[in-house]
Structure formats: C-alpha cells, structure tokens
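Novice: Dropping the sequence and predicted coords here.
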Amino acid sequence: MVLPLLRTVYGDFARLLAELAPEEQWRPTGCAGWTPVDLAWHMLADARRGLVALSTPAEGPAGTDAVGYWRSWQPTAEDDDRDLWATRVSASVTGGLAAIREPYAETTAAVLVSAGRVSGDDLVATQGHVLSVADLLSTLVVEAAVHHLDLVAHLDRPGPAAGPLAEVRRVLEALLGEPLPAEWDDATAARRGTGREPLTEADRVALGEAADRLPLFG
C-alpha cells in the first residue's frame with residue numbers, strides 16, 4: 001500500500017520543517033544550489049500537484065505508471081537554473097520558511113484525506129500524464145523522500161523512514177532494469193541513483209555498463 005508510505009514521508013517532512021531553526025533555513029542541502037527554504041517551497045508545490053491531481057479524474061487508459069513518470073525527468077542545467085530561480089523568488093516573496101511550514105502541513109494533510117477517498121485503481125491526470133492513483137501517490141512518495149534526504153544532507157537531523165526510501169529504490173531499479181549494488185543501502189541508492197552523490201570506481205565495477213545510465217532521474 002502506497003498511502004501509508006505517503007503518510008509517513010509527509011509527516012516526517014512536515015515535522016522536520018517545523019523543527020528547523022531560523023539560522024538553518026539558508027544552509028546548503030543535498031540539492032546543489034538549493035536551501036531548505038527552496039526545498040520547502042518546492043515540496044509545497046508538489047503537494048499541491050498531488051491535491052489537484054486527486055481531484056482531476058481522467059479517462060483511460062493510463063499513459064504511464066509510477067516508474068515511467070520519472071523516465072522523462074532529465075532536466076538540463078538551464079532547466080535546473082530556471083527552476084531554482086523561480087523557486088527562490090517565490091519562496092522569498094512568500095516570507096521564507098516560517099510562512100511555508102503551515103501551508104505545507106495543511107496541504108499534505110488534505111492530500112492524505114483526498115487519497116483516502118478514492119481507489120488506488122482510479123485514473124487521474126497530472127503534468128500531462130494519465131496514471132492510477134496508486135502510481136500518483138508513489139511519485140509523491142519518491143519526490144518527498146529524495147528531498148528529505150536533500151534537506152538533511154548538511155544538518156544533524158534524521159532522514160526519511162525506511163519504507164519511503166525502499167520505494168525510491170524500487171523505482172530506481174525499475175528504471176535501470178536491474179538491481180542497484182547490494183552494498184548500497186537505500187539512502188545511498190537514492191543519492192547515487194539520482195546523481196546527488198558521485199559513483200566510486202567500485203560502484204562502476206559493480207554496475208558495469210549500467211553505470212553510464214546514471215543518474216536515472218534528476
């Protein structure tokens with residue numbers, strides 16, 4: 001069941017935002033160039049995406065699933081810079097972390113309620129895709145878990161729970177078409193599989209030709 005994973009990762013992320021001290025909101029994160037304020041705004045936007053999608057039923061058949069959704073997510077450096085600029089401006093105008101925490105908690109709570117009122121097999125639309133509710137929830141879990149890892153990269157705070165991280169690994173391995181190195185724990189798989197951490201020579205030996213296909217999404 002994906003909904004319990006989403007409940008876990010949303011709850012953990014909301015608590016983490018609530019606990020961050022003012023001096024921590026501009027620290028670096030595991031997402032190059034992004035601060036905790038930027039990530040918080042980005043995650044609020046993703047929760048709003050989920051809420052809108054859950055209220056946007058779509059005709060079938062589904063055009064993608066929880067894995068295929070990420071297959072085309074390969075932004076260029078220019079895309080990254082543009083996204084960061086727009087996010088930084090929006091987050092700053094809003095009022096920073098103090099003004100984002102409550103809307104994030106409220107929006108994620110609404111997503112969870114809405115998700116509990118529909119079937120996992122129902123089809124919905126998001127970002128030009130048609131997919132099942134269960135697959136939509138997986139995309140929300142993966143987004144939140146990866147950015148939770150980003151948020152705590154330079155902070156002495158707990159990372160995402162085991163369940164959401166396992167879902168990230170499942171998606172990454174499905175994208176790759178083979179298992180990631182067994183020596184990687186799920187947090188390492190998430191960081192290296194998305195390019196947040198460079199591959200070592202040992203990693204490249206273990207992955208073989210598949211190493212050239214990483215990162216699997218940005």
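Specialist: Yes, it's here.

Novice: Sketch out the low-pLDDT regions of this protein for me.
Specialist: 73-77 (pLDDT under 70).

Novice: in what helix or strand does the residue nearest the centre of the chain lie?
Specialist: Centroid-nearest residue in the chain: residue 143, 1.0 Å away (criterion: CA atoms, centre = their mean). Element membership for residue 143, per DSSP states H and E: helix 133-151.

Novice: how distant is that helix from the center of its chain?
Specialist: Offset of helix 133-151 from its chain centre (CA atoms, centre = their mean, to the nearest Å): 4 Å.

Novice: tell me the contacts of the nearest residue to residue 144 once chain neighbours are set aside?
Specialist: Nearest residue to residue 144, sequence neighbours excluded (CB to CB, 6 or more residues apart in numbering): residue 9, at 4.4 Å. (Glycine included, C-beta is placed from N, CA and C.) Residue 9 makes contact with 141, 144-145, 148, 160-161, 163-164, according to CB atoms under 8 Å, 6 or more residues apart in numbering.

Novice: Near the residue nearest to residue 197 when sequence neighbours are not counted, how many other residues are there?
Specialist: Spatial nearest neighbour of residue 197, chain neighbours left out: residue 191 (4.0 Å); criterion: CB to CB, 6+ apart. Other residues near residue 191 come to 20 when the count uses other CB atoms under 10 Å.

Novice: Give me the three-state assignment for the residue nearest to residue 144.
Specialist: State at residue 9, reduced to three classes by DSSP: H, G, I helix; E, B strand; the rest coil: helix.

Novice: again with residue 85
Specialist: helix.

Novice: burial measure for it, as a count.
Specialist: Count around residue 85 with other CB under 10 Å applied: 11.

Novice: Check residue 205 too.
Specialist: Around residue 205 there are 11 other residues, counting by other CB under 10 Å.

Novice: show me what contacts residue 6?
Specialist: Per CB under 8 Å, 6+ apart, neighbours of residue 6: 111-112, 115, 137, 140-141, 144.

Novice: From these, pick the one nearest residue 216.
Specialist: Nearest to residue 216, judged by CB to CB, of those is residue 141 at 16.1 Å.

Novice: neighbours around that closest one, how many?
Specialist: The number of residues packed near residue 141 is 28, by other CB under 10 Å.

Novice: circling back: mind checking how far the residue nearest to residue 197 is from residue 135?
Specialist: 23 Å (CB to CB, to the nearest Å).

Novice: And for residue 126?
Specialist: Residue 126 sits 10 Å away from residue 135, taking CB to CB as the criterion.

Novice: and the helix holding residue 143, what does it pack onto?
Specialist: helix 2-19, helix 36-54, helix 68-71, helix 97-115, strand 123-126, helix 162-176, helix 186-193 (3 or more CB pairs under 8 Å, 6 or more residues apart in numbering; DSSP states H and E).

Novice: what's the closest of these to residue 216?
Specialist: helix 162-176 (4.4 Å).

Novice: Now do that closest one: everything it contacts.
Specialist: 2, 4-5, 8-9, 66-67, 70-71, 138, 141-142, 144-146, 148, 159, 179-180, 186-187, 189-190, 193-194, 210, 213-214, 216-217.
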